[in-house]
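[1] I would like to see how this sequence folds:
(one chain, ligands or ions: 1)
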Amino acid sequence: MQGRFVVLEGIDGSGTTSVSRALVQRLSQDGVPASWTCEPSRGPVGQLIRRILKREVELEAPPSSELGACLMTHLFQADRIDHIEQIKARLATGEWVVCDRYLHSTIVYQGQYLGQAGVMEMIQVGWPLELLPPDLSVLLNLPVDVAMARRTSDPHRTSEEVFEDTKTQVYVANAYRKVFVDVSARPVEWELAKHTVVDATQPLNDVVSRVHELVLES
Ligand code: TMP
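    So this is what the prediction gives:
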């Protein structure tokens with residue numbers, strides 16, 4: 001029995017963490033074995049990435065430059081190689097895995113500096129394995145200004161991370177919409193992978209209910 005792999009994506013402040021965590025709870029209440037994970041992962045490369053995002057570790061090539069984006073793409077992919085092994089092992093036991101961000105994030109965030117096609121090229125050339133396609137990817141669609149207001153009122157967010165400036169968020173919001181509607185903006189193996197967009201302006205509980213419904217239908 002193989003579990004299902006569900007991914008939540010969206011700009012910073014769109015609620016990917018809250019919704020993905022609540023989704024795991026709902027699935028568990030349904031009696032479905034489900035677990036939560038995230039990218040950057042909790043593994044060693046993921047931890048290094050988190051420190052770079054918080055500006056605790058400085059790179060000679062800053063993440064918001066072309067060279068830095070190249071470096072970050074390599075780091076996110078290295079983290080993902082390690083993480084996918086963990087995800088596959090969980091899926092093999094029949095568990096449903098809900099992941100807060102995945103490859104789409106690399107395509108859109110690093111795409112700001114390298115172009116989406118440039119990122120895809122880097123990923124596919126440096127990736128000899130199957131790019132584990134999610135069974136369902138959900139984009140939490142939220143206007144940039146609403147997401148920013150949510151971020152600033154969140155007491156857990158202490159300082160602005162490297163990609164949280166308005167220019168990046170506007171780029172990322174548009175790029176996400178493209179990736180979620182245009183098959184050619186995704187890896188070729190993902191042609192049949194299901195992608196859907198959810199209105200994230202609604203209260204959290206309603207957004208979770210809609211995503212829960214979509215996951216059960218998929
Ligand atoms: P988060 O913990 O709020 O999801 O923040 C992670 C940040 O890292 C967010 O700004 C998106 C960014 N990111 C990338 O730039 N590329 C990636 O591949 C991933 C997974 C995240």
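
[2] biggest helix in the protein by residues?
    helix 66-92 (DSSP state H).

[3] and it, how far out from the chain's middle?
    From the chain centre to the centre of helix 66-92 is a distance of 11 Å (C-alpha atoms, centre = their mean, to the nearest Å).

[4] show me what it is packed up against.
    Packing partners of helix 66-92 (3 or more C-beta pairs under 8 Å, 6 or more residues apart in numbering; DSSP states H and E): strand 34-38, helix 44-53, strand 96-100, helix 111-114, helix 116-125. From N, CA and C alone the C-beta is placed, and that goes for glycine too.

[5] deepest-packed of the ones you listed, please.
    With neighbours taken as mean count of other C-beta atoms under 10 Å, the helices and strands packed on helix 66-92 reach their highest mean count in strand 96-100, at a mean of 24.

[6] so how far is the following helix or strand past it off the chain centroid?
    Next helix or strand after strand 96-100 toward the C-terminus (DSSP states H and E): helix 103-105. With C-alpha atoms, centre = their mean as the basis, helix 103-105 stands 5 Å off its chain's centre.

[7] the helices and strands packed on helix 66-92: lowest mean pLDDT?
    Sorting those by mean pLDDT places helix 116-125 lowest, at a mean of 89.

[8] quick check, the one helix or strand in the chain whose mean pLDDT sits lowest touching the ligand?
    Among the helices and strands of the chain, helix 116-125 carries the lowest confidence by mean pLDDT, DSSP states H and E, at a mean of 89. No. Residues of helix 116-125 are not located near the ligand by C-beta under 6 Å from any ligand atom, the shortest gap being 9.2 Å.

[9] name the helices or strands packed onto that helix?
    Using 3+ C-beta pairs under 8 Å, 6+ apart: helix 116-125 touches helix 66-92, helix 111-114, helix 166-181.

[10] who touches it?
    69-70, 73-74, 77, 103, 106-108, 110-111, 114, 131, 175, 178-179, 185-188 (C-beta atoms under 8 Å, 6 or more residues apart in numbering).

[11] which bits of this structure sit near the ligand?
    So the chain meets the ligand at Asp12, Glu39, Pro40, Leu53, Phe76, Arg101, Ser105, Thr106, Tyr109, Gln110, Glu161, Phe163 (C-beta under 6 Å from any ligand atom).

[12] for the spatially closest residue to Leu53 that is not a sequence neighbour, what are phi and psi?
    Excluding the flanking residues, the one nearest Leu53 by C-beta to C-beta, 6 or more residues apart in numbering is Glu161, at 4.6 Å. The phi/psi pair for Glu161 (degrees, to the nearest 10) reads phi -80, psi 170.

[13] ok, Glu161 - contacts?
    Shown in contact with Glu161 (C-beta under 8 Å, 6+ apart): Asp12, Leu53, Lys54, Arg55.

[14] go through the helices and strands packed on helix 116-125 and pick out the most buried.
    Among these, highest average neighbours (mean count of other C-beta under 10 Å) belong to helix 111-114, with a mean of 21.

[15] I'd like to know which elements it is packed against.
    helix 66-92, helix 116-125, helix 166-181.

[16] just how off-centre is it within its chain?
    16 Å.
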